[in-house]
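>>> requesting a structural model of the entry that follows:
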Amino acid sequence: QVQLGESGGGLVQTGDSLRLSCAASGHTDSIFGMGWFRQAPGKEREFVGTIVWRAGNTYYDDSMRGRSTISRDNSKNIMYLQMNDLKPDDTATYYCAASRRQFYYIIRADDYDYWGQGTQVTVSS
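Model (predicted):
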């Protein structure tokens, strides 16, 4: 089992930056890929970006490409999501997820095995 915990959410203004963290614990050696998703009220959960845990390759959804960077610290088992130039449409609960599936750029939520509880990001106009 892998346990995930997000932190770093909060209330920010349009144009601000925010860095979310996702700490992984447990059987982290089984992780191949990790990802960020978000869900706004009344909307489906949507893919934000993903990182290959050991190699570090990243892939982003068009909505966040150019405004976000995913990174990880393997020694601390932490994944980060740096978000810049935030907009009100970015308001959502952000979730991190981990997958044991060994292929690059896992973008479907169903392909992730473990999920965090989420952290709220609110962007005011």
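>>> for the most centrally placed residue in the chain, which non-adjacent residue is spatially closest?
Geometric centre of the chain, nearest residue: Trp36, 2.2 Å, by CA atoms, centre = their mean. Setting aside the residues directly before and after it, Trp36 is nearest to Val48 in space (CB to CB, 6 or more residues apart in numbering), at 4.1 Å. Using the backbone N, CA and C atoms, a C-beta is placed for each residue, glycine as well.
>>> which residues of this structure fall in helices?
Applying DSSP state H to the chain gives no helices.
>>> and the strands in it?
2-7, 10-13, 18-26, 33-39, 46-52, 58-60, 68-73, 78-83, 92-99, 114-115, 119-124 (DSSP state E).
>>> the residue nearest to the centre of the chain touches Ala92, doesn't it?
No - at 10.6 Å, Trp36 does not count as touching Ala92 under the criterion of CB atoms under 8 Å.
>>> how far away is Gly56 from Met64?
18 Å (CB to CB, to the nearest Å).
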